[in-house]
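Participant: for reference, the sequence and a predicted model appear below.
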Amino acid sequence: MKETFDFKRFGTYFLYDLKQMGRNHSKAAVLIGCSGLILYIIWVLCSLVFAQRWVAPPIEARVTMFILAFCALELYQTRTYGYLTEKRAGSSWLMIPASTPEKFVSMLVMTLIVIPVIYIGVYFILDGILALLDPTFGKSLFTGTGVAYNGLLGSLTEINGERVNLLSPGALITMSVLGLCFNFLYFLLCGICFKKHKIIGAIGISMGVGLVLSLILGAFTPQWVESMSGMDEEASLRLFHSILNASYVWSALLTVGIGAGIFYRLKTLKH
Amino acid sequence: MIQVHDLGFSYGSKPVLKNITMQIKPGNIYGLLGENGVGKTTLLTLLCGLKKPLSGSIDVDGRTPFRREPSLLGEQFYLSDEVAPVNARALDFAKETGIFWPAFDLGKFETVLREFEVDPLQRMNTMSAGQLKKAWITFALACNAKYYYMDEPTNGLDIPSKAQFRKAVTRYTSEEAAIVISTHQVRDLENIIDPVIILDKQDVLVNASVQEIAARFYFDYGTELHPEALYVEQAPGGCIQVYPNVTGEESKVHMEAFFNTVHAHKDLVKSLF
């Protein structure tokens, strides 16, 4: 067990990993975390120069910026441990006396918890401060996200004004979390697999797989639509729940599969 | 002790090492010599576990390097030919990274680094190639490992630093340590390496101590040409000749001349060891 996983050694390694992350990626963290603030400053400056009045960015621009920052954060996962494929830094990392499971768990915690929490935390905190200080700014994104989430939930739980209980809040959250975990781990895996062109490789594969899946699904969709056309509401709802459950299992399997891929890559990485 | 048995490795369809069998014993500084591309770096990376053998086995005190078990990683250090320019001050790097090696000595790190005339507070990514190499060599020595694998450690070092390196390796490593140093600059290290492993394409030509080499070959530094000389090299004030030692007379081994003799008479040399 000591060779496979030792909690004390894991703690030491995790702290080491955290320090390296802070040292090597803090600039990117600041840039992505502060992108909302940067947008605010540019927007206000532009409005002062061109319209001679103080105008904060509208919610649409802020949401777009947040989504772009989040996409950048996802793509950035290809960089955080991308050095492992580089001979010099990768060899040094492999020779650090900690076990592969310890390095793997630390990598997961860093990718799925530490980095998103810090980046999103910084983003929301800065956004909240701006919402407090500038009355023209509107509601903070955090509050807005909650409202949007409830709205989405409402639209999924009501059809023609009737409650149909299509999706529970728990289900929506689970789906979102699984989706995020999958994306973050997918880009991490691409980052430690590709030696060059990590981002292009990751996007290329995802587009290729998406294309193949949509072709396959497209071939079956007319038959499914035909078979569902005669269904009553209750049967449709049952089918929806079955599809939903299947999608949970599928997402969970994919996420675990990507995680297993990362572990396998670390275990077999050579220089 | 390291036991290598029938080791084989190839890059795709190109074989690099084939049927390599040898032992690496503690308390020695092994010189791993060979021409470019014969597999010196590959052998070192296999020994430390950065690569997996395609055939055969490597056993380090009952453990397999490629499993990369922390207990073994903590007893060894692989110093790559090209070292990473870490984004940290040398001292901080040593404090943060050295913690993983059970016998790491921060005091030794500072002492050796100062002997190398490198500032421990300088950021490693601002160091010159030579300074960076010295910082990594110092870190390796401060790890107090049992097994060292050093790939061309003197590359990028200036002449005084090469001398400091030789001094540091002999002074700051344990008597029990097994050190394998690959080099093609034989003169840099000939005074400290013993035994010598000479690799040829896919094969070990020689794995012998300096004493064994001296027992089999005579190194003549005179001016008179010997008819049985296997190798002759002009030198200031005479020449260096290598010929089979039939009288049992002792001579000082000239490593570069020996290396060239081995390459000129592979089968003969292999049959002698």
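Facilitator: Noted; the coordinates are in hand.
Participant: and the nearest residue to A:Phe263 once chain neighbours are set aside, how far is that from chain B?
Facilitator: Closest residue to A:Phe263 apart from its sequence neighbours, by C-beta to C-beta, 6 or more residues apart in numbering or on different chains: A:Phe104 at 5.0 Å. The C-beta positions use only the backbone N, C-alpha and C, and glycine is treated the same way. Distance from A:Phe104 to chain B, counting by C-beta to the nearest C-beta, to the nearest Å: 12 Å.
Participant: contact residues of the stretch 151-271 of chain A facing chain B?
Facilitator: A:268, A:270-271 (C-beta under 8 Å from any C-beta of the partner chain).
Participant: ChimeraX command to pick out the buried ones of those?
Facilitator: Here is the ChimeraX command that selects the buried residues among these (16 or more other C-beta atoms under 10 Å in any protein chain shown):
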select /A:271
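Participant: save the residues of the stretch 151-271 of chain A next to chain B as TSV, and put in pLDDT, secondary structure and distance to A:Pro169 too.
Facilitator: Formatted as TSV, these follow (pLDDT from 0 to 100; DSSP: H, G, I helix; E, B strand; the rest coil; distance: C-beta to C-beta, whole Å):
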residue	pLDDT	secondary structure	distance to A:Pro169
A:Thr268	96	helix	41
A:Lys270	95	coil	46
A:His271	93	coil	47
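Participant: picking up where we left off before, a helix runs through the residue nearest to A:Phe263, doesn't it?
Facilitator: Yes. Judged by DSSP: H, G, I helix; E, B strand; the rest coil, A:Phe104 forms part of a helix.
Participant: so who does it touch?
Facilitator: For A:Phe104, the contact set (C-beta atoms under 8 Å, 6 or more residues apart in numbering or on different chains) comprises A:262-263, A:266.
Participant: try 10 Å
Facilitator: A:5, A:259, A:262-267 (C-beta atoms under 10 Å, 6 or more residues apart in numbering or on different chains).
Participant: give me the low-pLDDT residue ranges for chain A?
Facilitator: Scanning chain A for pLDDT under 70 picks out A:1, A:152-167.
Participant: quick one, helices of it?
Facilitator: A:7-33, A:35-51, A:59-80, A:87-94, A:100-109, A:115-133, A:141-157, A:169-193, A:198-229, A:233-268 (DSSP state H).
Participant: could you dump these to CSV with distance to B:Leu189?
Facilitator: Formatted as CSV, the helices of chain A follow (distance: least, C-beta to C-beta, whole Å):
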stretch, distance to B:Leu189
helix A:7-33, 33
helix A:35-51, 53
helix A:59-80, 39
helix A:87-94, 22
helix A:100-109, 34
helix A:115-133, 45
helix A:141-157, 62
helix A:169-193, 36
helix A:198-229, 39
helix A:233-268, 34
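Participant: count the residues that sit near B:Asp158.
Facilitator: 12 (other C-beta atoms under 10 Å in any protein chain shown).
Participant: who's in contact with the residue nearest to it when sequence neighbours are not counted?
Facilitator: Among residues not flanking B:Asp158 along the chain, B:Gly130 sits closest, at 6.0 Å (C-beta to C-beta, 6+ apart). Contact analysis of B:Gly130 by C-beta under 10 Å, 6+ apart lists B:116, B:118, B:155-158, B:161.
Participant: how about the residues you listed, which pair is most distant?
Facilitator: B:Val118 and B:Asn155 (16.6 Å; C-beta to C-beta).
Participant: which one of these two has more residues nearby?
Facilitator: B:Val118 (23 against 15).
Participant: can you confirm that one is in a helix?
Facilitator: No. B:Val118: not assigned to a helix; according to three-state DSSP it is coil.
Participant: can you point out the buried residues in stretch B:94-103?
Facilitator: By neighbour count with 16+ other C-beta under 10 Å, stretch B:94-103 contains the buried residues B:94, B:96-101.
Participant: does that stretch come close to chain A?
Facilitator: Yes. Using C-beta under 10 Å from any C-beta of the partner chain, stretch B:94-103 reaches chain A at B:96-97, B:99-102.
Participant: thinking B:Ala229 is in contact with B:Gly222, fair?
Facilitator: No. Here B:Ala229 does not reach B:Gly222: they are 11.0 Å apart, not a contact under C-beta atoms under 10 Å.
Participant: which residues sit in contact with residue 44?
Facilitator: Reading this off chain A. A:Val44 makes contacts with A:53-57, A:130, A:134, A:136-137, as judged by C-beta under 10 Å, 6+ apart.
Participant: meant chain B actually
Facilitator: Applying C-beta under 10 Å, 6+ apart to B:Leu44 gives the contacts B:32, B:50-51, B:78-81, B:149-152, B:180-182.
Participant: switch the cut-off to 8 Å
Facilitator: Applying C-beta under 8 Å, 6+ apart, the residues contacting B:Leu44 are B:32, B:78, B:149-151, B:180, B:182.
Participant: so where does the residue most central in space within chain B fall, helix or strand?
Facilitator: In chain B, the centroid-proximal residue (C-alpha atoms, centre = their mean) is B:Ile181; its distance is 0.9 Å. Taking DSSP states H and E as the definition, B:Ile181 sits inside strand B:178-183.
Participant: buried residues in the helix or strand following that strand?
Facilitator: Following strand B:178-183 in sequence order, the next helix or strand is helix B:186-189 (DSSP H and E). Going by neighbour count (16+ other C-beta under 10 Å), the buried part of helix B:186-189 is B:186, B:188-189.
Participant: chain A next: which of these are close?
Facilitator: Of the buried residues of helix B:186-189, not one also sits near chain A (C-beta under 8 Å from any C-beta).
Participant: reformat those as CSV; add pLDDT.
Facilitator: Converted to CSV, the buried residues of helix B:186-189 look like this (pLDDT from 0 to 100):
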residue, pLDDT
B:Val186, 86
B:Asp188, 86
B:Leu189, 90
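Participant: quick one: which of those is nearest A:Leu15?
Facilitator: Taking C-beta to C-beta as the measure, A:Leu15 lies nearest B:Leu189 of the buried residues of helix B:186-189, at 37.8 Å.
Participant: list the contacts for the closest residue to B:Gln76 other than its chain neighbours?
Facilitator: Spatial nearest neighbour of B:Gln76, chain neighbours left out: B:Tyr147 (4.0 Å); criterion: C-beta to C-beta, 6+ apart. Contacts for B:Tyr147 (C-beta under 8 Å, 6+ apart) come out as B:2, B:24, B:47-48, B:60, B:75-77, B:177-180.
Participant: what residues are up against B:Lys162?
Facilitator: B:Lys162 sits next to B:154, B:188 when contact means C-beta under 8 Å, 6+ apart.
Participant: and the pLDDT for it?
Facilitator: Here, the pLDDT recorded for B:Lys162 equals 94.
Participant: what residues does the stretch 1-150 of chain B have near chain A?
Facilitator: B:45, B:48-52, B:68-71, B:73-74, B:76-78, B:80, B:82-84, B:87-88, B:96-97, B:99-101.
Participant: from these, which land in helices?
Facilitator: Using DSSP H, the subset of the residues of the stretch 1-150 of chain B next to chain A located in helices is B:45, B:48, B:70-71, B:73, B:96-97.
Participant: for the residue of the stretch 101-250 of chain B found nearest chain A, which non-adjacent residue is closest in space?
Facilitator: The minimum distance from the stretch 101-250 of chain B to chain A, using C-beta to the nearest C-beta, falls at B:Trp101 (6.3 Å). Of all residues not flanking B:Trp101 in the chain, B:Cys143 sits nearest, at 4.1 Å (C-beta to C-beta, 6+ apart).
Participant: can you give me the neighbour number for the one you found?
Facilitator: For B:Cys143, using other C-beta under 10 Å, the count is 25.
Participant: all good on my end, thank you.
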